[in-house]
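In: Everything below, folded, please.
(one chain, ligands or ions: 2)
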Amino acid sequence: MTLDEKLEGIYDDVLRRNPAEPEFHQTVHDVLTSIGPVLAKHPDLAEHKIIERICEPERQIIFRVPWQDDAGEVHISRGFRVEFNAALGPYKGGLRFHPSTNLGVVKFLGFEQTFKNALTAMPIGGGKGGADFDPKGRSDDEIMRFCQSFMTEMYRHLGEYTDVPAGDIGVGEREIGYLFGQYRRITNRYESGVLTGKGIGWGGSQVRTEATGYGTVFFAREMLRTRGDDLGGKTCVVSGAGNVAIYAIEKLEQLGARVIACSDSSGAVHAPRGIRLDELKQVKLSERGRIARYVELDRDATFVEHGNIWDIPCDLAVPSATQNELTRRDAATLLRNGCTMVVEGANMPTTPDAVRLLEEAGALFGPGKAANAGGVATSALEMQQNASRDSWTFEHTERRLESIMTSIHRICAETAEAYATPGNYVCGANIAGFLRVGRAMVALGLV
Ligand code: NDP
Ligand code: 2IT
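Out: Numbers count the residues shown, from 1 in each chain. Ligands and ions are numbered 1, 2, ... in the order given. From the prediction side, this is the model:
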(Lines give C-alpha, C1' and ligand atoms only; values in the text may rest on other atoms or scores of the structure.)
(Ligands and ions follow the chains in the order given, each with its own letter.)
Protein backbone atom coordinates (compact mmCIF):
# COMPACT_ATOMS: atom_id res chain seq x y z
CA MET A 1 0.00 0.00 0.00
CA THR A 2 1.20 3.52 -0.69
CA LEU A 3 1.83 6.32 1.78
CA ASP A 4 1.09 9.99 1.19
CA GLU A 5 4.02 12.31 0.52
CA LYS A 6 4.59 13.41 4.11
CA LEU A 7 4.44 9.90 5.53
CA GLU A 8 6.62 8.65 2.68
CA GLY A 9 9.28 11.18 3.76
CA ILE A 10 9.09 10.02 7.38
CA TYR A 11 9.34 6.39 6.27
CA ASP A 12 12.37 7.14 4.06
CA ASP A 13 14.05 8.69 7.09
CA VAL A 14 13.32 5.57 9.16
CA LEU A 15 14.88 3.43 6.39
CA ARG A 16 17.93 5.65 6.20
CA ARG A 17 18.55 5.85 9.94
CA ASN A 18 17.89 2.16 10.65
CA PRO A 19 19.61 0.24 7.89
CA ALA A 20 19.36 -3.55 7.62
CA GLU A 21 16.44 -3.85 10.05
CA PRO A 22 13.70 -5.29 7.79
CA GLU A 23 11.34 -6.34 10.61
CA PHE A 24 11.47 -2.84 12.10
CA HIS A 25 10.82 -1.29 8.68
CA GLN A 26 7.88 -3.64 8.22
CA THR A 27 6.11 -2.72 11.44
CA VAL A 28 6.70 1.02 10.95
CA HIS A 29 5.31 0.78 7.42
CA ASP A 30 2.25 -1.08 8.73
CA VAL A 31 1.46 1.68 11.23
CA LEU A 32 2.21 4.57 8.86
CA THR A 33 -0.09 3.01 6.27
CA SER A 34 -2.99 3.22 8.72
CA ILE A 35 -2.55 6.65 10.24
CA GLY A 36 -2.83 8.97 7.24
CA PRO A 37 -6.47 9.90 8.03
CA VAL A 38 -5.59 10.64 11.67
CA LEU A 39 -3.29 13.50 10.79
CA ALA A 40 -6.01 15.20 8.82
CA LYS A 41 -8.29 15.09 11.87
CA HIS A 42 -5.60 15.89 14.46
CA PRO A 43 -3.15 18.43 12.97
CA ASP A 44 -1.65 19.03 16.46
CA LEU A 45 -0.10 15.55 16.35
CA ALA A 46 1.69 16.41 13.11
CA GLU A 47 2.72 19.79 14.47
CA HIS A 48 4.41 18.13 17.47
CA LYS A 49 6.12 15.63 15.13
CA ILE A 50 4.57 12.77 17.07
CA ILE A 51 5.10 10.24 14.27
CA GLU A 52 8.78 11.08 13.88
CA ARG A 53 9.25 10.87 17.66
CA ILE A 54 7.28 7.66 18.05
CA CYS A 55 9.51 5.92 15.47
CA GLU A 56 12.65 6.73 17.44
CA PRO A 57 13.20 4.59 20.58
CA GLU A 58 13.85 6.62 23.72
CA ARG A 59 16.86 4.45 24.58
CA GLN A 60 18.63 1.42 23.06
CA ILE A 61 20.89 -0.69 25.23
CA ILE A 62 23.21 -3.37 23.82
CA PHE A 63 25.52 -5.33 26.09
CA ARG A 64 27.89 -8.28 26.27
CA VAL A 65 26.66 -11.36 28.11
CA PRO A 66 29.56 -13.70 28.92
CA TRP A 67 28.67 -17.13 30.30
CA GLN A 68 30.15 -20.58 30.78
CA ASP A 69 28.60 -23.86 29.68
CA ASP A 70 28.67 -27.04 31.76
CA ALA A 71 31.96 -28.13 30.16
CA GLY A 72 33.59 -24.86 31.22
CA GLU A 73 33.70 -23.37 27.73
CA VAL A 74 33.18 -19.61 27.55
CA HIS A 75 30.44 -18.12 25.33
CA ILE A 76 29.70 -14.50 24.46
CA SER A 77 26.10 -13.59 23.73
CA ARG A 78 24.67 -10.20 22.89
CA GLY A 79 21.95 -8.73 25.09
CA PHE A 80 19.44 -6.01 24.20
CA ARG A 81 16.88 -3.77 25.83
CA VAL A 82 15.11 -1.21 23.71
CA GLU A 83 13.16 1.25 25.86
CA PHE A 84 10.80 2.48 23.22
CA ASN A 85 8.24 4.79 24.70
CA ALA A 86 7.28 5.67 28.27
CA ALA A 87 4.53 8.22 27.65
CA LEU A 88 1.89 5.99 29.22
CA GLY A 89 3.89 4.26 31.96
CA PRO A 90 7.16 2.43 32.66
CA TYR A 91 8.65 0.61 29.67
CA LYS A 92 6.95 -2.79 29.55
CA GLY A 93 7.55 -5.78 27.32
CA GLY A 94 9.09 -9.20 27.16
CA LEU A 95 12.55 -10.67 26.78
CA ARG A 96 13.27 -13.06 23.91
CA PHE A 97 16.07 -15.63 24.01
CA HIS A 98 16.47 -16.96 20.47
CA PRO A 99 19.49 -17.10 18.13
CA SER A 100 17.67 -14.92 15.57
CA THR A 101 17.39 -12.00 18.03
CA ASN A 102 19.12 -8.83 16.80
CA LEU A 103 18.59 -5.09 17.25
CA GLY A 104 16.12 -4.83 14.36
CA VAL A 105 13.97 -7.64 15.76
CA VAL A 106 13.97 -6.11 19.25
CA LYS A 107 13.04 -2.72 17.78
CA PHE A 108 10.16 -4.19 15.79
CA LEU A 109 8.89 -5.89 18.93
CA GLY A 110 9.31 -2.72 21.03
CA PHE A 111 7.45 -0.63 18.47
CA GLU A 112 4.55 -3.11 18.31
CA GLN A 113 4.54 -3.29 22.09
CA THR A 114 4.10 0.48 22.43
CA PHE A 115 0.83 0.41 20.48
CA LYS A 116 -0.33 -2.88 22.00
CA ASN A 117 0.18 -1.63 25.53
CA ALA A 118 -1.72 1.56 24.73
CA LEU A 119 -4.65 -0.55 23.50
CA THR A 120 -4.89 -2.30 26.88
CA ALA A 121 -5.66 1.11 28.47
CA MET A 122 -3.34 0.12 31.32
CA PRO A 123 -0.54 2.47 32.52
CA ILE A 124 2.32 0.80 30.63
CA GLY A 125 4.78 2.13 28.08
CA GLY A 126 6.53 -0.01 25.45
CA GLY A 127 9.84 -1.85 25.50
CA LYS A 128 11.40 -5.13 24.49
CA GLY A 129 14.64 -7.00 25.02
CA GLY A 130 16.42 -10.29 24.85
CA ALA A 131 19.55 -11.98 23.62
CA ASP A 132 20.82 -14.06 20.71
CA PHE A 133 21.36 -16.89 23.20
CA ASP A 134 19.95 -20.26 22.07
CA PRO A 135 18.42 -22.06 25.06
CA LYS A 136 17.73 -25.26 23.07
CA GLY A 137 19.50 -28.25 24.57
CA ARG A 138 20.98 -26.22 27.42
CA SER A 139 20.92 -27.62 30.96
CA ASP A 140 19.07 -25.94 33.78
CA ASP A 141 22.40 -24.82 35.26
CA GLU A 142 23.46 -23.24 31.97
CA ILE A 143 20.15 -21.39 31.72
CA MET A 144 20.59 -20.11 35.27
CA ARG A 145 24.15 -18.90 34.66
CA PHE A 146 23.07 -17.18 31.47
CA CYS A 147 20.15 -15.44 33.19
CA GLN A 148 22.39 -14.30 36.04
CA SER A 149 24.96 -12.86 33.67
CA PHE A 150 22.24 -11.14 31.62
CA MET A 151 20.72 -9.55 34.73
CA THR A 152 24.11 -8.49 36.11
CA GLU A 153 24.15 -5.88 33.34
CA MET A 154 20.47 -5.28 32.87
CA TYR A 155 19.46 -4.64 36.50
CA ARG A 156 20.77 -1.05 36.36
CA HIS A 157 18.24 -0.16 33.67
CA LEU A 158 15.19 -1.69 35.41
CA GLY A 159 12.80 -0.81 38.21
CA GLU A 160 9.09 -1.07 38.91
CA TYR A 161 8.67 2.59 37.88
CA THR A 162 11.29 2.45 35.13
CA ASP A 163 11.28 -0.69 33.02
CA VAL A 164 9.49 -3.99 33.69
CA PRO A 165 10.42 -6.99 31.51
CA ALA A 166 8.55 -10.30 31.21
CA GLY A 167 8.79 -13.42 29.01
CA ASP A 168 8.65 -13.94 25.27
CA ILE A 169 10.11 -16.68 23.03
CA GLY A 170 12.50 -18.82 25.08
CA VAL A 171 11.73 -17.02 28.34
CA GLY A 172 9.12 -18.41 30.72
CA GLU A 173 8.63 -18.81 34.45
CA ARG A 174 11.94 -20.64 34.96
CA GLU A 175 13.99 -17.85 33.36
CA ILE A 176 11.99 -15.10 35.09
CA GLY A 177 12.81 -16.85 38.38
CA TYR A 178 16.56 -16.80 37.78
CA LEU A 179 16.43 -13.21 36.51
CA PHE A 180 14.39 -12.08 39.51
CA GLY A 181 16.69 -13.91 41.93
CA GLN A 182 19.74 -12.13 40.54
CA TYR A 183 17.99 -8.73 40.54
CA ARG A 184 16.98 -9.25 44.18
CA ARG A 185 20.51 -10.25 45.12
CA ILE A 186 22.25 -7.34 43.40
CA THR A 187 19.83 -4.66 44.58
CA ASN A 188 18.96 -6.22 47.96
CA ARG A 189 15.34 -5.30 47.25
CA TYR A 190 12.39 -7.68 46.96
CA GLU A 191 10.90 -5.46 44.29
CA SER A 192 8.17 -7.77 42.99
CA GLY A 193 6.90 -5.30 40.38
CA VAL A 194 10.20 -5.20 38.47
CA LEU A 195 9.41 -8.34 36.43
CA THR A 196 6.17 -10.07 35.48
CA GLY A 197 5.46 -13.68 34.68
CA LYS A 198 6.68 -14.68 38.13
CA GLY A 199 5.60 -17.96 39.76
CA ILE A 200 2.38 -18.00 41.76
CA GLY A 201 4.27 -18.70 45.01
CA TRP A 202 6.59 -15.69 44.68
CA GLY A 203 4.61 -12.70 43.46
CA GLY A 204 3.17 -13.97 40.20
CA SER A 205 -0.43 -13.56 39.08
CA GLN A 206 -3.01 -16.21 38.38
CA VAL A 207 -3.76 -16.45 34.64
CA ARG A 208 -0.54 -14.73 33.48
CA THR A 209 0.72 -18.06 32.06
CA GLU A 210 -2.52 -18.62 30.15
CA ALA A 211 -3.25 -14.96 29.37
CA THR A 212 -1.85 -14.47 25.87
CA GLY A 213 -3.43 -17.60 24.42
CA TYR A 214 -6.71 -17.17 26.28
CA GLY A 215 -6.87 -13.48 25.37
CA THR A 216 -6.30 -14.22 21.68
CA VAL A 217 -9.24 -16.60 21.72
CA PHE A 218 -11.46 -14.11 23.58
CA PHE A 219 -10.58 -11.58 20.87
CA ALA A 220 -11.46 -14.11 18.14
CA ARG A 221 -14.78 -14.76 19.85
CA GLU A 222 -15.59 -11.03 19.80
CA MET A 223 -14.69 -10.81 16.11
CA LEU A 224 -16.99 -13.71 15.28
CA ARG A 225 -19.77 -12.15 17.33
CA THR A 226 -19.82 -9.18 14.90
CA ARG A 227 -20.86 -11.68 12.24
CA GLY A 228 -23.39 -13.41 14.48
CA ASP A 229 -21.10 -16.42 14.71
CA ASP A 230 -19.20 -18.25 17.47
CA LEU A 231 -16.35 -20.71 17.96
CA GLY A 232 -18.56 -23.77 18.45
CA GLY A 233 -17.60 -26.53 16.01
CA LYS A 234 -14.92 -24.45 14.24
CA THR A 235 -11.88 -26.35 12.99
CA CYS A 236 -8.67 -24.55 13.99
CA VAL A 237 -4.98 -24.70 13.23
CA VAL A 238 -2.60 -23.14 15.76
CA SER A 239 1.07 -22.83 14.82
CA GLY A 240 3.77 -23.14 17.48
CA ALA A 241 3.63 -25.28 20.59
CA GLY A 242 4.91 -22.83 23.17
CA ASN A 243 3.24 -20.68 25.80
CA VAL A 244 0.91 -18.81 23.46
CA ALA A 245 -0.06 -21.79 21.29
CA ILE A 246 -0.76 -24.18 24.18
CA TYR A 247 -3.13 -21.85 26.00
CA ALA A 248 -4.81 -20.72 22.78
CA ILE A 249 -5.53 -24.39 22.10
CA GLU A 250 -6.81 -24.85 25.66
CA LYS A 251 -9.30 -21.98 25.43
CA LEU A 252 -10.39 -22.89 21.89
CA GLU A 253 -11.20 -26.39 23.11
CA GLN A 254 -13.03 -25.01 26.17
CA LEU A 255 -15.18 -22.86 23.89
CA GLY A 256 -16.17 -25.78 21.67
CA ALA A 257 -13.73 -25.46 18.75
CA ARG A 258 -11.59 -28.37 17.52
CA VAL A 259 -7.85 -27.74 17.13
CA ILE A 260 -6.42 -30.23 14.66
CA ALA A 261 -2.81 -29.09 14.27
CA CYS A 262 0.10 -27.39 15.99
CA SER A 263 3.84 -27.22 15.31
CA ASP A 264 7.34 -26.27 16.34
CA SER A 265 10.37 -25.36 14.25
CA SER A 266 10.95 -29.03 13.37
CA GLY A 267 7.53 -29.64 11.79
CA ALA A 268 3.78 -29.93 12.26
CA VAL A 269 1.49 -32.39 13.99
CA HIS A 270 -1.88 -33.18 12.38
CA ALA A 271 -4.47 -34.66 14.73
CA PRO A 272 -7.79 -34.79 12.83
CA ARG A 273 -9.70 -35.86 15.98
CA GLY A 274 -8.30 -32.94 17.95
CA ILE A 275 -5.02 -32.18 19.73
CA ARG A 276 -4.91 -33.81 23.17
CA LEU A 277 -3.79 -31.10 25.53
CA ASP A 278 -2.52 -33.25 28.39
CA GLU A 279 -0.19 -35.06 26.02
CA LEU A 280 0.93 -31.82 24.36
CA LYS A 281 1.71 -30.25 27.75
CA GLN A 282 3.56 -33.40 28.77
CA VAL A 283 5.82 -33.16 25.69
CA LYS A 284 6.37 -29.40 25.52
CA LEU A 285 6.08 -28.19 29.13
CA SER A 286 7.24 -31.17 31.25
CA GLU A 287 9.75 -32.85 28.93
CA ARG A 288 10.72 -29.68 26.98
CA GLY A 289 10.83 -32.05 23.97
CA ARG A 290 10.30 -31.80 20.23
CA ILE A 291 6.80 -31.95 18.76
CA ALA A 292 7.48 -35.25 16.93
CA ARG A 293 7.34 -36.95 20.33
CA TYR A 294 3.62 -36.04 20.57
CA VAL A 295 2.64 -38.68 18.01
CA GLU A 296 4.09 -41.36 20.30
CA LEU A 297 1.45 -40.35 22.86
CA ASP A 298 -1.44 -39.81 20.40
CA ARG A 299 -1.61 -42.61 17.86
CA ASP A 300 -4.35 -40.81 15.89
CA ALA A 301 -1.93 -38.01 15.02
CA THR A 302 0.74 -37.78 12.34
CA PHE A 303 3.96 -35.76 12.27
CA VAL A 304 5.00 -34.01 9.08
CA GLU A 305 8.70 -33.20 9.29
CA HIS A 306 9.33 -29.64 8.08
CA GLY A 307 5.68 -29.70 7.01
CA ASN A 308 3.81 -26.48 6.34
CA ILE A 309 1.02 -26.23 8.91
CA TRP A 310 -0.97 -23.82 6.71
CA ASP A 311 -1.53 -26.59 4.16
CA ILE A 312 -3.96 -28.21 6.63
CA PRO A 313 -7.55 -27.10 5.89
CA CYS A 314 -9.28 -25.16 8.69
CA ASP A 315 -11.92 -22.49 9.42
CA LEU A 316 -9.68 -20.46 11.74
CA ALA A 317 -5.89 -20.05 11.69
CA VAL A 318 -4.04 -18.79 14.79
CA PRO A 319 -0.35 -18.19 13.99
CA SER A 320 1.36 -18.33 17.41
CA ALA A 321 5.05 -19.07 16.76
CA THR A 322 7.05 -16.18 15.28
CA GLN A 323 7.17 -13.22 12.85
CA ASN A 324 6.48 -13.67 9.14
CA GLU A 325 5.56 -17.33 9.48
CA LEU A 326 2.37 -17.01 7.37
CA THR A 327 3.15 -15.85 3.83
CA ARG A 328 1.02 -14.79 0.88
CA ARG A 329 1.28 -18.28 -0.51
CA ASP A 330 0.06 -19.69 2.82
CA ALA A 331 -2.81 -17.21 2.92
CA ALA A 332 -3.83 -18.27 -0.59
CA THR A 333 -3.79 -21.93 0.48
CA LEU A 334 -5.81 -21.17 3.61
CA LEU A 335 -8.43 -19.26 1.62
CA ARG A 336 -8.63 -21.95 -1.04
CA ASN A 337 -9.24 -24.50 1.71
CA GLY A 338 -12.14 -22.48 3.14
CA CYS A 339 -10.46 -20.57 5.97
CA THR A 340 -12.42 -17.42 6.83
CA MET A 341 -10.45 -16.02 9.74
CA VAL A 342 -6.85 -15.44 10.88
CA VAL A 343 -6.10 -14.21 14.40
CA GLU A 344 -2.50 -13.48 15.41
CA GLY A 345 -1.30 -15.00 18.70
CA ALA A 346 2.32 -14.18 17.78
CA ASN A 347 3.79 -10.75 17.00
CA MET A 348 3.56 -9.91 13.28
CA PRO A 349 3.34 -13.55 12.11
CA THR A 350 1.48 -12.65 8.90
CA THR A 351 3.45 -10.99 6.10
CA PRO A 352 1.99 -7.71 4.74
CA ASP A 353 1.11 -9.21 1.35
CA ALA A 354 -0.65 -12.09 3.12
CA VAL A 355 -2.68 -9.62 5.21
CA ARG A 356 -3.67 -7.79 2.05
CA LEU A 357 -4.82 -11.00 0.36
CA LEU A 358 -6.91 -11.98 3.39
CA GLU A 359 -8.50 -8.54 3.54
CA GLU A 360 -9.29 -8.55 -0.17
CA ALA A 361 -10.93 -11.95 0.21
CA GLY A 362 -13.15 -10.61 3.02
CA ALA A 363 -11.65 -12.87 5.68
CA LEU A 364 -11.64 -11.64 9.28
CA PHE A 365 -8.13 -10.63 10.33
CA GLY A 366 -7.12 -9.91 13.94
CA PRO A 367 -3.68 -8.24 14.21
CA GLY A 368 -1.37 -9.30 17.04
CA LYS A 369 -1.05 -5.92 18.68
CA ALA A 370 -4.74 -6.17 19.55
CA ALA A 371 -5.38 -9.92 19.62
CA ASN A 372 -2.38 -11.00 21.73
CA ALA A 373 -2.50 -8.04 24.14
CA GLY A 374 -3.99 -10.21 26.89
CA GLY A 375 -0.52 -11.32 27.98
CA VAL A 376 0.84 -7.88 28.68
CA ALA A 377 -2.52 -6.73 30.08
CA THR A 378 -2.33 -9.51 32.65
CA SER A 379 1.27 -8.49 33.33
CA ALA A 380 -0.15 -5.08 34.25
CA LEU A 381 -2.64 -6.84 36.53
CA GLU A 382 0.34 -8.62 38.10
CA MET A 383 2.02 -5.23 38.70
CA GLN A 384 -1.21 -3.98 40.22
CA GLN A 385 -1.35 -6.95 42.64
CA ASN A 386 2.34 -6.50 43.51
CA ALA A 387 1.85 -2.78 44.23
CA SER A 388 -1.05 -3.48 46.58
CA ARG A 389 0.56 -6.64 48.04
CA ASP A 390 -2.53 -8.57 47.06
CA SER A 391 -3.29 -11.69 45.07
CA TRP A 392 -6.49 -12.37 43.22
CA THR A 393 -8.24 -15.64 42.41
CA PHE A 394 -8.01 -17.31 39.02
CA GLU A 395 -11.69 -16.63 38.34
CA HIS A 396 -11.48 -12.94 39.17
CA THR A 397 -8.30 -12.47 37.11
CA GLU A 398 -9.72 -14.32 34.12
CA ARG A 399 -12.85 -12.15 34.25
CA ARG A 400 -10.62 -9.05 34.20
CA LEU A 401 -8.74 -10.45 31.19
CA GLU A 402 -11.99 -11.20 29.38
CA SER A 403 -13.30 -7.72 29.95
CA ILE A 404 -10.01 -6.13 28.82
CA MET A 405 -10.08 -8.16 25.59
CA THR A 406 -13.69 -7.17 24.97
CA SER A 407 -12.73 -3.51 25.46
CA ILE A 408 -9.75 -3.80 23.10
CA HIS A 409 -12.00 -5.37 20.50
CA ARG A 410 -14.56 -2.59 20.94
CA ILE A 411 -12.04 0.26 20.63
CA CYS A 412 -10.52 -1.33 17.51
CA ALA A 413 -13.91 -1.89 15.89
CA GLU A 414 -15.21 1.58 16.79
CA THR A 415 -12.03 3.31 15.64
CA ALA A 416 -12.07 1.44 12.33
CA GLU A 417 -15.67 2.54 11.87
CA ALA A 418 -14.89 6.18 12.77
CA TYR A 419 -12.06 6.31 10.23
CA ALA A 420 -14.12 4.82 7.40
CA THR A 421 -12.55 1.39 7.37
CA PRO A 422 -15.28 -0.70 9.09
CA GLY A 423 -14.20 -4.24 9.96
CA ASN A 424 -10.53 -3.42 9.41
CA TYR A 425 -8.91 -4.29 12.74
CA VAL A 426 -5.43 -3.36 11.48
CA CYS A 427 -6.47 0.25 10.96
CA GLY A 428 -8.56 0.27 14.14
CA ALA A 429 -5.71 -1.04 16.31
CA ASN A 430 -3.02 1.18 14.78
CA ILE A 431 -5.09 4.35 14.96
CA ALA A 432 -6.47 3.76 18.46
CA GLY A 433 -3.00 2.89 19.81
CA PHE A 434 -1.39 5.83 18.03
CA LEU A 435 -3.94 8.31 19.37
CA ARG A 436 -3.49 7.18 22.97
CA VAL A 437 0.31 7.36 22.86
CA GLY A 438 0.37 10.50 20.72
CA ARG A 439 -1.99 12.49 22.96
CA ALA A 440 0.03 11.57 26.05
CA MET A 441 3.24 12.62 24.28
CA VAL A 442 1.77 16.02 23.43
CA ALA A 443 0.63 16.45 27.04
CA LEU A 444 4.08 15.58 28.43
CA GLY A 445 5.82 18.15 26.25
CA LEU A 446 8.94 17.88 24.15
CA VAL A 447 10.84 15.25 26.15
P1 NDP B 1 7.70 -19.99 23.28
O2 NDP B 1 9.15 -19.94 23.33
O3 NDP B 1 6.93 -20.50 24.45
O4 NDP B 1 7.21 -20.82 22.01
C5 NDP B 1 7.57 -20.44 20.72
C6 NDP B 1 7.06 -21.46 19.73
O7 NDP B 1 7.24 -20.95 18.41
C8 NDP B 1 7.80 -22.77 19.79
O9 NDP B 1 6.95 -23.81 19.42
C10 NDP B 1 8.91 -22.55 18.76
O11 NDP B 1 9.41 -23.76 18.20
C12 NDP B 1 8.20 -21.74 17.71
N13 NDP B 1 9.18 -20.86 17.05
C14 NDP B 1 9.87 -19.85 17.62
N15 NDP B 1 10.72 -19.27 16.74
C16 NDP B 1 10.55 -19.94 15.60
C17 NDP B 1 11.13 -19.82 14.31
N18 NDP B 1 12.05 -18.88 14.04
N19 NDP B 1 10.69 -20.69 13.36
C20 NDP B 1 9.74 -21.63 13.65
N21 NDP B 1 9.17 -21.79 14.84
C22 NDP B 1 9.56 -20.96 15.80
O23 NDP B 1 7.22 -18.49 22.94
P24 NDP B 1 5.79 -17.81 23.11
O25 NDP B 1 4.72 -18.82 22.90
O26 NDP B 1 5.81 -17.03 24.35
O27 NDP B 1 5.79 -16.77 21.90
C28 NDP B 1 5.25 -17.07 20.62
C29 NDP B 1 4.91 -15.78 19.90
O30 NDP B 1 3.94 -15.04 20.65
C31 NDP B 1 6.07 -14.81 19.68
O32 NDP B 1 5.84 -14.11 18.48
C33 NDP B 1 5.94 -13.84 20.84
O34 NDP B 1 6.55 -12.62 20.57
C35 NDP B 1 4.44 -13.72 20.91
N36 NDP B 1 3.86 -13.26 22.17
C37 NDP B 1 4.18 -13.84 23.36
C38 NDP B 1 3.58 -13.41 24.53
C39 NDP B 1 3.84 -14.05 25.84
O40 NDP B 1 3.22 -13.63 26.82
N41 NDP B 1 4.67 -15.06 25.95
C42 NDP B 1 2.66 -12.26 24.53
C43 NDP B 1 2.32 -11.78 23.20
C44 NDP B 1 2.93 -12.26 22.09
P45 NDP B 1 10.86 -24.30 18.66
O46 NDP B 1 10.69 -24.68 20.09
O47 NDP B 1 11.12 -25.44 17.76
O48 NDP B 1 11.81 -23.14 18.46
O1 2IT C 1 4.73 -9.57 23.18
C2 2IT C 1 4.26 -9.46 24.33
O3 2IT C 1 3.26 -8.76 24.54
C4 2IT C 1 4.91 -10.17 25.43
N5 2IT C 1 5.88 -10.90 25.19
C6 2IT C 1 4.44 -9.98 26.84
C7 2IT C 1 5.01 -8.73 27.44
C8 2IT C 1 4.73 -8.54 28.91
O9 2IT C 1 5.33 -7.59 29.45
O10 2IT C 1 3.96 -9.27 29.52
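
In: Every contact and neighbour count from this point should use C-alpha atoms.
Out: OK.

In: can you list the residues of the stretch 301-447 of the chain near ligand 2?
Out: Selection of the stretch 301-447 of the chain residues close to ligand 2 by C-alpha under 6 Å from any ligand atom yields 373, 375-376, 379.

In: now do 8 Å
Out: 346-347, 369, 372-380 (C-alpha under 8 Å from any ligand atom).

In: So which of the residues you listed is the closest to ligand 2?
Out: Val376 (3.5 Å; C-alpha to the nearest ligand atom).

In: residues making contact with the lengthiest strand in the chain?
Out: Ranked by residue count and defined by DSSP state E, the top strand of the chain is strand 74-85. Strand 74-85 has contacts (C-alpha atoms under 8 Å, 6 or more residues apart in numbering) with 54, 56-69, 91, 102-103, 106-107, 110-111, 114, 125-133, 150, 163.

In: Does that strand reach ligand 2?
Out: No - shown here: strand 74-85 not in contact with ligand 2 (C-alpha under 8 Å from any ligand atom), separated by at least 12.3 Å.

In: Which element is encountered next along the chain beyond that strand?
Out: Where DSSP states H and E defines the elements, the next helix or strand beyond strand 74-85 is strand 91-97.

In: Pull out the buried members of the contacts of strand 74-85.
Out: Among the contacts of strand 74-85, those buried by neighbour count (16 or more other C-alpha atoms under 10 Å) are 54, 56-57, 60, 62, 65, 67, 91, 102-103, 106-107, 110-111, 114, 125-133, 150, 163.

In: Tell me the secondary structure at Cys236.
Out: What DSSP: H, G, I helix; E, B strand; the rest coil gives for Cys236 is strand.

In: rewinding a little: and ligand 2, which of the contacts of strand 74-85 reach it?
Out: Among these, proximity to ligand 2 is found for Lys128 (C-alpha under 8 Å from any ligand atom).

In: any idea which of the residues of the stretch 301-447 of the chain next to ligand 2 is closest to Tyr425?
Out: Lys369 (10.0 Å; C-alpha to C-alpha).

In: for the spatially most central residue of the chain, what are its contacts?
Out: The residue lying closest to the centre of the chain (C-alpha atoms, centre = their mean) is Asn347, at 4.4 Å. Asn347 makes contacts with 109, 112, 320, 322-323, 368-369, 372, as judged by C-alpha under 8 Å, 6+ apart.

In: now Gly366
Out: Shown in contact with Gly366 (C-alpha under 8 Å, 6+ apart): 219-220, 223, 342-344, 425-426.

In: After the strand or helix carrying Glu142, which helix or strand is next? Please name it.
Out: Under the criterion of DSSP H and E, Glu142 resides in helix 140-154. Remark: after helix 140-154, the chain's next helix or strand is strand 163-167, criterion DSSP H and E.

In: List of residues touching that following strand?
Out: Residues from elsewhere that reach strand 163-167 (C-alpha under 8 Å, 6+ apart): 83, 90-96, 127-129, 157-158, 173, 176, 193-197, 379.
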